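J.: Next input, structure requested:
(chains A and B)
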Amino acid sequence: QQPVQSPQAVILREGEDAVINCSSSKALYSVHWYRQKHGEAPVFLMILLKGGEQKGHEKISASFNEKKQQSSLYLTASQLSYSGTYFCGTEKVDRGSTLGRLYFGRGTQLTVWP
Amino acid sequence: AAGVIQSPRHLIKEKRETATLKCYPIPRHDTVYWYQQGPGQDPQFLISFYEKMQSDKGSIPDRFSAQQFSDYHSELNMSSLELGDSALYFCASRIRRRRTDTQYFGPGTRLTVL
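T.: Residues are numbered from 1 along each chain as shown, chains lettered A, B, ... in the order given. Below you'll find the predicted structure:
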């Protein structure tokens, strides 16, 4: 049930780009991306629904390939504030409906250095 | 904008004691989710409520119980606490019929069991 996230960790210099991947073996209704700083609550970044859409938010964007049950988060021109752990949360289809619970990947720890 | 409120923010208990965590969802949100996050781990779904009824159940120990009240706030009751229960407990809320919207997380309650 738990999606697989990769890579486990990324170290970047300011201004560099990164891609974080999330894949599931189950049919997905949606993928939710969050960023979490140590000891704080996960902060919502974006949601992607089945339909294979791509969304953007400033320099952070994401895509969802429904056929492959994969989503990718793209971070461009990274800033120091991007540091944190990124989680994908997947909402799966079960018997034609979803119950809303999210299955989280193990997270990707992103560190941005000046 | 109003956010999810959780109380207390920090709680220290001894083994075998009980604890009660409270969650106040965003106004007009009808669904509440509880997650447990151990150190260095991803959030794990415990239980959810929709319109004051339990809607889904995850890996919640039998020692834990929860309910949602008429004002939509929810409480997670934990008894016979064990050292392994030490974790961050998050509550998240959502408007169920808004399938394009995500779950919004509260700041969490850090439970330490000594």
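
J.: after the helix or strand bottoming out on mean pLDDT in chain B comes which helix or strand?
T.: Every helix and strand of chain B was ranked by mean pLDDT, DSSP states H and E. The lowest is strand B:53-57, at a mean of 89. Proceeding C-terminally, strand B:53-57 gives way to strand B:64-68 as the next helix or strand, assigned by DSSP states H and E.

J.: So what touches that next one?
T.: B:32, B:34, B:46-47, B:49, B:52-54, B:60, B:74-79 (CB atoms under 8 Å, 6 or more residues apart in numbering or on different chains). Just so you know, the C-beta spots here come from the backbone N, C-alpha and C atoms, and that holds for glycine as well.

J.: Out of the residues you listed, who's the most crowded?
T.: When neighbours are counted by other CB atoms under 10 Å in any protein chain shown, B:Val32 leads the contacts of strand B:64-68 with 28 neighbours.

J.: so which helix or strand takes in it?
T.: Assessed by DSSP H and E, B:Val32 sits inside strand B:31-37.

J.: contact partners of that strand?
T.: A:100-102, B:23, B:25, B:43-50, B:55, B:60, B:66, B:68, B:72, B:74, B:76, B:87-96, B:103, B:105, B:108.

J.: just the buried members of the residues you listed?
T.: By neighbour count, with 16 or more other CB atoms under 10 Å in any protein chain shown, the contacts of strand B:31-37 hold A:100-102, B:23, B:25, B:43-50, B:55, B:60, B:66, B:68, B:72, B:74, B:76, B:87-94, B:96, B:103, B:105, B:108 as buried.

J.: give me phi/psi at A:Leu80?
T.: phi -60, psi -30 (degrees, to the nearest 10).

J.: which residues touch it?
T.: Counted by CB under 8 Å, 6+ apart, A:Leu80 has contacts A:Glu14, A:Val112, A:Pro114.

J.: returning to that earlier point: tell me how far the strand holding B:Val32 is from the chain's mean position?
T.: 4 Å (CA atoms, centre = their mean, to the nearest Å).
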